[in-house]
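# the sequence and its predicted three-dimensional model are supplied below.
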Amino acid sequence: MSVLVITGTGTGVGKTVVTAGIAALAYGRGQRVAVLKPAQTGVAAHAPGDLDDVRRLAGEVTTRELRRFPDPLAPDTAARRAGLSPVRPAAVAGAAVALDHEHDLVLVEGAGGLLVRFDADGGTLADVAWALNAEVVVVVEAGLGTLNAAALTAEALRRRGVTCAGLVIGSWPRDPDLAARCNLEDLPVVAQAPLIGAFPQDVGGLDAAGFAGVARRSLAPVLGGEFDVKDLAAAHPA
């Protein structure tokens, strides 16, 4: 199956931008792309969600959202508070398999971090990736504190027998501080996984054409782009 799971080291690290970037490059190559959002939280029933941003940035890709909960909480807690049934890893995996039958690439974007609970049984996005035998892209922050979060997420994947495809910095600052510049070298070491992308901050407001160009420069060849961490490090020496 051509399924890739996108998680983050926390909330607000840039998962949707990275997901849209991967989708945009694949769509631009003529691939049939689907983006699956297992649980959208903190968004009202008819309000725009993450998948609306993906379509705006990436183009006419297929999108599917399994559950939506109004409170900005972990999916399990948000479902319980709303009195709604939770989303379960088996259902997410089943939806990804169904989409895979009709698409060349299926992207599964999680909510929050890797081990955020989907249900009362403790199901997580890691269980989805394991069930699908899918590799996981981990979206990380640039600056101080990111090394520990990245290392913990990567370790959790290894312990479950799930492959980390690499790390992507979701928002690279215009004026990176010393910690961010050093992290270009340190992130791959602590996570034991390559740094395969870095998106500049505040690119979510671009139109589709402009975003596609940014995505190409911000993602490595393994994800269809031209990014090389050596170039970024040379531009911002520590």
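Cool, the structure landed. Numbers count the residues shown, from 1 in each chain.
# now the strands for the protein?
Applying DSSP state E to the chain gives strands spanning 3-8, 33-41, 62-69, 105-113, 135-140, 164-172, 195-200.
# how close does residue 4 get to residue 38?
Distance from residue 4 to residue 38, counting by CB to CB, to the nearest Å: 14 Å. C-betas here are computed from N, CA, C, even on glycine.
# can you check residue 128 too?
As judged by CB to CB, residue 128 and residue 38 stand 7 Å apart.
# show me whatever sits in contact with both of those two.
Here residue 128 and residue 38 share the contacting residues 92, 108, 110, scored by CB atoms under 8 Å, 6 or more residues apart in numbering.
# nearest to residue 179, of these?
Lowest distance from residue 179 to those (CB to CB) belongs to residue 110, with 25.5 Å.
# what's the neighbour count on the closest one?
Residue 110 has 27 neighbouring residues, counting by other CB atoms under 10 Å.
# excluding chain neighbours, give the residue nearest to it in space.
Nearest non-adjacent residue to residue 110, counting by CB to CB, 6 or more residues apart in numbering: residue 125, 4.0 Å away.
# mind listing what the one you found touches?
By CB under 8 Å, 6+ apart, the contact list for residue 125 reads 5, 7, 38, 89, 92, 108, 110-111, 114-116, 118.
# please repeat the previous calculation with a cut-off of 7 Å.
With contacts defined as CB atoms under 7 Å, 6 or more residues apart in numbering, residue 125 is in contact with 5, 7, 110, 114.
# most neighbours, which of those?
With neighbours set by other CB under 10 Å, the maximum within the contacts of residue 125 is found at residue 7, which has 29 neighbours.
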